[in-house]
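Q: model this:
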Amino acid sequence: KMGRGSHFLDIYDQYLQSRNGLAGSALREYDEQWLERFHEEQQVIFHDNQVLTDVTFIYHLLLVLPFLAATSGQNRLALTLRTLRLCSSDLLHLGFVFNVIFMAYVTSGHI
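A: This next block holds a predicted model:
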């Protein structure tokens, strides 16, 4: 077993083994303590996953940048890159407005 996921499973196995023999309010308190421990471990795993996702995004972005720099030798690709450069503020604004409207739909659908 390797990684945080297996560590989480080890904790869960330990919980199941040590839970036997408890009853009533002691079992409830025991479960609440373990639930907090599970939640903390889960938050660490989610944080690690988010960091990995961010690093992967940056890596792929850095892979694309040299390609964009090399397009200046090709007339059509250079024109496309120049167009993207000139309209980047408009695209950013479009993305912002789209996200606001999309989140309004998500919120209304959730309610």
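
Q: all strands for the chain, in order.
A: In the chain, no strands are found when defined by DSSP state E.

Q: below-threshold pLDDT in it: ranges please.
A: By pLDDT under 70, the weakly predicted segments of the chain are 1-6.

Q: how does it look with 80?
A: Along the chain, segments meeting pLDDT under 80 span 1-9, 11, 20-23, 68-69, 71-72, 111.

Q: which one's the longest helix in it?
A: Counting residues, the longest helix found in the chain (DSSP state H) is helix 24-70.

Q: neighbours around L68, how many?
A: Neighbour count of L68, defined by other C-beta atoms under 10 Å: 14. Where you see a C-beta, it was placed from the backbone N, CA and C, and this is true even at glycine.

Q: any idea how far it lies from L62?
A: Going from L68 to L62 by C-beta to C-beta, to the nearest Å gives 11 Å.
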